[in-house]
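A.B. asks: The following block contains a protein sequence and its predicted model.
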Amino acid sequence: MILDDTIAAIATPVGEGGLGVIRVSGFDAHRIAAQLFCRKGGKPGDPLESHRLYFGTLCGSAGPVDEVCVVYMQSPRSYTRQDMVEISCHGSPAVLRRAVNALLNAGARMAEPGEFTKRAFLSGRIDLSQAEGVIDLIKARSEGAARAAFGLMEGGLSRRIEAVRQKLVWTLSHLEASIDFPDEEFVTAADGELRRTLTEAARRLDVLIKSYDGGKFLKHGLSLAIIGKPNAGKSSLLNALLEEERAIVSGIPGTTRDLIRAEGELSGLKVELIDTAGLNPSPDEVEAEGIRRALKAAETADAVIGLFDGSRPWEKSDTTVLETLKKARLHLAVINKADMPQRIAWPDAAISPVHISVKEMRGLDPLLKKIAAFAHDAENLNSEEPVVTRLRHREIFCRIAEDLRRAAAEVELGRELAAASVWDALEEIKRFTGESYTEEVLSAIFDEFCVGK
Amino acid sequence: MKRFDVIVAGGGHAGCEAAHAAARLGCATALVVTDKSSIARMSCNPAIGGPGKSQIVREIDALGGLMARVTDRAGLQFRTLNSAKGAAVRACRAQADTIEYEEAMREELAATPNLSIIEGSVRNILAENGAVRGVALITGEELSAKAVILCTGTFLNGLLHTGLSQTPGGRIGEGPSAHLSDSLKNLGLHLGRLKTGTPARLHKDSINWDVPQPQPGDIPPPPMSFFTKKIEREQLPCHLTRTTARTHEIIRTGFDRSPLFTGVIQGVGPRYCPSIEDKVVRFPERLSHHIFLEPVSRHNSEIYPNGISTSLPEDIQDAFLRSIPGLEEVKVIRYGYAVEYDFVPPTQMYPTLESKMLGGLYCAGQINGTSGYEEAAGQGILAGINAARKVRGEEPVILPRAQSYIGVMVDDLTTLGTEEPYRMFTSRAEHRLVMRQDNADQRLCDLGRRIGLLGEEHYQEYLERQGRIQSLVKRLKGAFLNPTPETLTLLQISGLPPVDMSIGIAQYMKRPDVALKRDSVFGDLAAFDDTDIERAETEIKYEGYIARQNRWIEQLGKIENIPLEEKMDYGGISGLSVELQQKLNKVRPLTFGQASRIAGMTPAALSILMIHLKTRGRNGG
């Protein structure tokens, strides 16, 4: 593989569509594209002006392929920083295939998976974490995931880490100066200040590390089990949240006997909702199996909603629900049937339940917000705070935080030891940005791409 | 025509080590100096060592070189700097008696077999078919050799400045080497220009010694060499005084006649060793700078005032010196001056210090853009070893960054080059915790012995020490402390913290408040000297860190040592920027690791390079 040879690939998904886009990047991109393209009123081979949209006909050796729009982006003002051409055809798989073949015949090579973004990284236009953001953005399946990925791609997380790096460089300069110039009289920062700076930097990383739990849900989605006693309205709630009649609802307690799984997007978060059998205190054989599955689902789901019937007094089965609920790290207590006279006496001051009425569709918005907050602090959801969505980043940040806490402890033990730990942390930062990487890490990352992106 | 194997031009600190090494390795060697009496002269401060530098001196010692031994013979004060910090950054620093230092070095050289000292001045490098064949002296006489090592210090087109008056010269009272620069240019070498400076020398008897604060040496004095048993001679103190607001005022009145500020000096000076006028300009908020008054020799009356190097006019120097407490009536023996000189930007050298342009031509010391006696000597020994090995048809020696400070320095110089006089700092060494001054023997004695420079007797001494240290470490690692009443009492008596449960001694020693002491809970240490004990303690205390760095070195090693062809043409590699192609063609890195350290090298460029190597491999080159 040579890095500026000319590559081409279809950039849009396979299938019928109004438009299909082909990307070309590399040394010969302009020549190859211009040679195949005949603009209205022009002739094939006419040079294209950079960053200008042309309309015309794309011709292969066997004649015209399609009417297309073509834009040429001259290096370095392009995605890859190389010369690039984007060709918008009609979105038929056959048309796109013919168009690509025409480009390949004219001297381009089929791009490898992720090769365009890899070139953007290797040309230094984006750092490694931003390249990862591109992958995530392409793969984003919900608004929240898209927002987090955009932040990563646009460099939000990189800037946060850059701020940490600058603090570390400052600290290191003081540590090193006191080691290399023991006879000079300049005053380096006192141990206390260095320790504080290091601890503060470690704390910034903690915030990022913590955001991973939510970030993970943003990226991969969240599974949410709804449990409660029979007839509390679990299936109704599921249908209401998904805005479709997914589960069968009846007034007969015990209608839901097995788990019902349904996917949807709630407040920008991809969520898998799991409706479960009611926790009947005296079940029959089938119900007993349903309850066993319900409890198992509550145990394995990322989050649990405990649903209570506000129109009835507290019962023993409600206690079971509450206990099960509290075992889940992410949980929400919800009291349904707010449209009826309330007879429930809430027993646990540590948990404040949300009141809703599924029947009247009341209180659902606050509930959705709380669900979204599982993935993200509610205040942060729309803010610029970066979210860590990738395990690779989380692991690097954990190692940096560990290096920095060790360094803080070492400042008084021996500045050369603290310096060694700060150097380690800086190396980890280089791994994050891709300034230092092994081919292995790179291919692991770029292997996630599919062709043309 | 006289015939030699190796000719060394210049008898400073680089030249002495180079000539000694080449001769000891069996090459008929000529050391060409303008004046035999100026061999090993300390042109500036009368001190050897300090952070980053003492490590180099110890490395020279471990390889079988001279600087440490000679320093121990001639030292008049010895101190350990950073003694409150960890072993990795502790550094010996010795004030040397400059007259005794020169004498001791002359004796060492006189006792070196195969070495002739010739008075003369090199005018031309003689070359034939891309290889050196000797030198021509100013007198016209020619000397033939298979290798030539240039250690010209500040003499290449040297120009001395005091105020606006200029004198051609390499050092006060000594003329420049005026023709050699042209000869180098004619050979195709590119030259640059640097500047350095030195303060006035003061008369001892004109100083009021009641005023400055004395700075005594350590007791007992820590020797520089691994092979010095003990330093017996009485030590002299240094003294500390400082500039005043009045000093700075006077200095400012001389700016209109400063060669530095009027643009007369073109060469780039060292940022870390600025002249006093530079300090006054760059740090206007500082009302005072300290000055160490250092004795130059037991045999003369000179005092070296460290911290106030200057090229201001003589009348200003007189006036500002007299505004310094204790120097009110000072008599100047020699005024301070700046010196500008040509250097050969060192990216033109391989990491063996042989020039890429001309086979058999080596450069070492200030000619490569460094500053400092230790840096010069470190390059000198390496150039001497490699010149001798080339003559003998042996593989060159390249010192890895992970093994020595000399390796770090030479890699920095030959890969990155330098824009200002290069000085060693411990922070330049990424493997600082494993490259300490105390374990330089462990790092380099084997190599020194293998190439034949380190004598058998010293090598045996090293092996014995190594054996003692390892046995002590092993013993300590196998022992435990139990909180018995006897142990607790003993701990209390030795001023050590108590233990509340059974603990391994090695584990206990890793606590910051625990030191390995004699007559305590650590068993009988009578068989070990203080150095052994310190070394064992360091090995145990640093164990975790050393393991961490070693893992890192190992990881790096995988790409570090991938060889690159010397003759590879980087011009044709598509995807590499023209700038990087040119840099690579200039540096001609020998390994992938060296390439990765070239300034401006990006991960992308490395990746392209790696791909290029792989495809070349696949296509059969």
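C.D. replies: All right, it came through fine.

A.B. asks: Next, the residue in the stretch 201-350 of chain A positioned nearest to chain B: phi, psi?
C.D. replies: Scanning the stretch 201-350 of chain A for proximity to chain B using Cβ to the nearest Cβ identifies A:A202 as nearest, at 18.3 Å. (Glycine included, C-beta is placed from N, CA and C.) With angles defined as degrees, to the nearest 10, A:A202 sits at phi -60, psi -40.

A.B. asks: got a list of what it touches?
C.D. replies: The contact partners of A:A202, taken as Cβ atoms under 8 Å, 6 or more residues apart in numbering or on different chains, are A:I400, A:A401, A:L404, A:R405, A:A408.

A.B. asks: Save those as a markdown table, and put in distance to chain B and neighbour count too.
C.D. replies: Formatted as a markdown table, the contacts of A:A202 follow (distance: Cβ to the nearest Cβ, whole Å; neighbours: other Cβ atoms under 10 Å in any protein chain shown):
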| residue | distance to chain B | neighbour count |
| --- | --- | --- |
| A:I400 | 15 | 28 |
| A:A401 | 17 | 21 |
| A:L404 | 15 | 29 |
| A:R405 | 15 | 18 |
| A:A408 | 14 | 23 |
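
A.B. asks: Closest one of those residues to B:N300?
C.D. replies: Using Cβ to Cβ, A:A408 comes nearest to B:N300 of the contacts of A:A202, at 51.1 Å.

A.B. asks: just checking, that closest one touches A:E193?
C.D. replies: No: the pair A:A408 / A:E193 is not scored as a contact, 11.2 Å apart, by Cβ atoms under 8 Å.

A.B. asks: Which of the contacts of A:A202 fall within strands?
C.D. replies: Using DSSP state E, no member of those sits in strands.

A.B. asks: For these, which two are the farthest from each other?
C.D. replies: The span of the contacts of A:A202, defined through Cβ to Cβ, is set by A:I400 and A:A408 at 12.6 Å.

A.B. asks: Show me what from the stretch 51-200 of chain A comes close to chain B.
C.D. replies: Residues of the stretch 51-200 of chain A lying near chain B by Cβ under 8 Å from any Cβ of the partner chain: A:F121, A:L122, A:S123, A:G124, A:E176, A:I179, A:D180, A:F181, A:P182, A:D183, A:E185.

A.B. asks: excluding its backbone neighbours, what's nearest the fifth one?
C.D. replies: Meaning A:E176. Excluding the flanking residues, the one nearest A:E176 by Cβ to Cβ, 6 or more residues apart in numbering or on different chains is B:S427, at 4.1 Å.

A.B. asks: From B:P421, how far off is the one you found?
C.D. replies: 17 Å (Cβ to Cβ, to the nearest Å).

A.B. asks: just A:L269 next, same as before
C.D. replies: Distance from A:L269 to B:P421, by Cβ to Cβ: 61 Å.

A.B. asks: For burial, what's the neighbour tally of the nearest residue to A:L103 once chain neighbours are set aside?
C.D. replies: Spatial nearest neighbour of A:L103, chain neighbours left out: A:A8 (4.4 Å); criterion: Cβ to Cβ, 6+ apart. Neighbourhood size, A:A8 [other Cβ atoms under 10 Å in any protein chain shown]: 29.

A.B. asks: Give me the pLDDT for B:G359.
C.D. replies: B:G359 carries a pLDDT value of 95.

A.B. asks: isn't it right next to B:A131, touching?
C.D. replies: Yes: with contact defined as Cβ under 8 Å, B:G359 counts as touching B:A131 (4.2 Å).

A.B. asks: What about chain B, which residue is the most distant from its middle?
C.D. replies: Farthest-out residue of chain B from its mean C-alpha position, per Cα atoms, centre = their mean: B:P485, at 51.4 Å.

A.B. asks: Could you pull up the residues touching that residue?
C.D. replies: Taking Cβ under 8 Å, 6+ apart as the definition, B:P485 has no contacts.

A.B. asks: Likewise for the one 3 residues further on?
C.D. replies: Applying Cβ under 8 Å, 6+ apart to B:L488 gives the contacts B:P498, B:V499.

A.B. asks: just A:E245 next, same as before
C.D. replies: A:N239.

A.B. asks: Endpoint to endpoint, stretch B:525-534 covers what distance?
C.D. replies: With Cα to Cα, to the nearest Å applied, stretch B:525-534 spans 12 Å between its terminal residues.

A.B. asks: ok so B:L160 is a strand residue?
C.D. replies: Yes: assignment of B:L160 by DSSP: H, G, I helix; E, B strand; the rest coil places it within a strand.

A.B. asks: Name the secondary structure element that contains the residue minimising distance to the centre of chain A.
C.D. replies: In chain A, the centroid-proximal residue (Cα atoms, centre = their mean) is A:K219; its distance is 3.5 Å. Per DSSP states H and E: A:K219 is located in helix A:191-220.

A.B. asks: in that helix, what counts as buried?
C.D. replies: A:194-195, A:197-198, A:201-202, A:204-205, A:208-209, A:211-219 (16 or more other Cβ atoms under 10 Å in any protein chain shown).

A.B. asks: Touching the helix or strand following it from outside, list them.
C.D. replies: Following helix A:191-220 in sequence order, the next helix or strand is strand A:222-228 (DSSP H and E). Strand A:222-228 is contacted from outside by A:234, A:237-238, A:269-276, A:278-279, A:294-295, A:297-298, A:300-309, A:321, A:324-325, A:371, A:374-375, using Cβ under 8 Å, 6+ apart.

A.B. asks: And for stretch A:105-112?
C.D. replies: Against stretch A:105-112 from outside (Cβ under 8 Å, 6+ apart): A:1, A:5-9, A:23-26, A:28-29, A:32, A:35-36, A:60-61, A:100, A:104, A:451-452.

A.B. asks: what about 7 Å?
C.D. replies: A:5-9, A:24, A:28, A:32, A:35-36, A:60-61, A:104, A:451-452 (Cβ atoms under 7 Å, 6 or more residues apart in numbering or on different chains).

A.B. asks: who wins for neighbours among the residues you listed?
C.D. replies: A:A8 (29 neighbours).

A.B. asks: That one pairs with what?
C.D. replies: A:V24, A:M110 (DSSP bridges).

A.B. asks: mind checking pLDDT for it?
C.D. replies: On the pLDDT scale, A:A8 gets 94.

A.B. asks: separation between it and chain B?
C.D. replies: 18 Å (Cβ to the nearest Cβ, to the nearest Å).

A.B. asks: Which parts of chain A are strands?
C.D. replies: Under DSSP E, chain A gives strands at A:7-10, A:17-25, A:37-39, A:53-60, A:63-73, A:84-91, A:109-110, A:222-228, A:260-266, A:269-275, A:303-309, A:330-336, A:354-355.

A.B. asks: so which of those gets nearest B:A536?
C.D. replies: Of those, nearest to B:A536 by Cβ to Cβ is strand A:330-336, at 53.3 Å.

A.B. asks: Just give the closest residue to B:D61, not the sequence neighbours.
C.D. replies: Spatial nearest neighbour of B:D61, excluding adjacent residues (Cβ to Cβ, 6+ apart): B:A68 at 3.8 Å.

A.B. asks: just checking, what packs against the strand or helix carrying the one you found?
C.D. replies: Assigned by DSSP H and E, B:A68 belongs to helix B:67-74. Using 3 or more Cβ pairs under 7 Å, 6 or more residues apart in numbering or on different chains; DSSP states H and E, the elements in contact with helix B:67-74 are helix B:53-63, strand B:91-96, helix B:98-110.

A.B. asks: Any idea which of these gets closest to A:R81?
C.D. replies: helix B:53-63 (43.2 Å).

A.B. asks: What is the distance between that closest one and the centre of its chain?
C.D. replies: 8 Å (Cα atoms, centre = their mean, to the nearest Å).
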